[in-house]
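Trainee: Please work out how this folds:
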Amino acid sequence: MYRDVVTVAKSVYRISMVLPSFRLAYLFARLSGPLTKIVAQSIGAEGFGMLIDNELVPGVRLYAVTTASYLDLRRRGVDVSALRYEDLVARPVDMCRVVLEFCHLPVSLAELAVRAFDVDSQRNSILAESVVGHFKEPELTERKKAALNELLKKYKVPLIGEPSILEGTLSCC
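Mentor: You can find the predicted model right below:
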């Protein structure tokens, strides 16, 4: 499953506000690339240690790495498909039917599957929406957008402001 790159970046930023190691990595990343690499390795985020110039970079990089990996799998002939979060939210029952059919499961379970969306799956954790939802999201300025698009270009994935429906995405339409 994938979602809009800016939404991912803002979500990763909010999560960083409640995870101490992650927060340290964010703060160090604005000061020192090598120090950030050490912190990133300590929390299992190998390859994410780098100097950053804005708070949306880590989330955009996460999106870029995972999206590029998915596209590479498809190019190499691996039978893998994607699901776009925005489609699931816009048409939950229809998209659940598509997913169930794709998985060769009874589409009659779609209504039951949709009811699970009414509950925050992280409700009993520090990542609950009631916790992370209180943090102000960073603003996406034109300067930040240009810098983030340069990062996305390096990974050869859709840019901010471009259509971002990946090949192989399941659809109900």
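Trainee: Isn't residue 94 up against residue 172?
Mentor: Yes: applying CB atoms under 8 Å, one finds residue 94 in contact with residue 172, separated by 4.0 Å. Bear in mind the C-beta positions are built from the backbone N, C-alpha and C, glycine included.
Trainee: Count the neighbours of residue 16 for me.
Mentor: By other CB atoms under 10 Å, 21 other residues sit near residue 16.
Trainee: Distance of it relative to residue 8?
Mentor: Distance check for residue 16 against residue 8: by CB to CB, to the nearest Å, it reads 13 Å.
Trainee: ok, now residue 26?
Mentor: Separation of residue 26 from residue 8 (CB to CB) stands at 15 Å.
Trainee: Repeat that for residue 63.
Mentor: Using CB to CB, which is the criterion applied here, residue 63 is 5 Å from residue 8.
Trainee: With neighbour numbers in mind, choose between the two.
Mentor: Remark: of residue 63 and residue 8, residue 63 carries more neighbours, 26 against 21, as counted by other CB under 10 Å.
Trainee: Name the secondary structure element that contains the more buried one.
Mentor: For residue 63, the enclosing helix or strand under DSSP states H and E is helix 57-75.
Trainee: What residues sit buried inside that helix?
Mentor: Of the residues in helix 57-75, those with enough neighbours to count as buried (16 or more other CB atoms under 10 Å) are 57, 58, 59, 60, 61, 62, 63, 64, 67, 70, 71, 74.
Trainee: Name the residue most distant from the centre of the chain?
Mentor: Of all residues in the chain, the one whose C-alpha sits farthest from the chain's mean C-alpha position, using CA atoms, centre = their mean, is residue 108 at 29.2 Å.
Trainee: List the residues that contact the nearest residue to residue 151 once chain neighbours are set aside.
Mentor: Once flanking residues are discounted, residue 151 sits nearest to residue 60: 5.8 Å by CB to CB, 6 or more residues apart in numbering. Under the criterion of CB atoms under 8 Å, 6 or more residues apart in numbering, the contact partners of residue 60 comprise 5, 8, 9, 148, 151, 152.
Trainee: separation between the closest residue in space to residue 168 that isn't next to it in sequence and residue 132?
Mentor: With sequence-adjacent residues excluded and distances taken as CB to CB, 6+ apart, residue 168 is closest to residue 81, at 4.8 Å. Per CB to CB, residue 81 is found 29 Å from residue 132.
Trainee: Show me which of those two is the more surrounded one.
Mentor: With other CB under 10 Å as the criterion, residue 81 and residue 132 differ in neighbour count, and residue 132 comes out ahead with 19 against 15.
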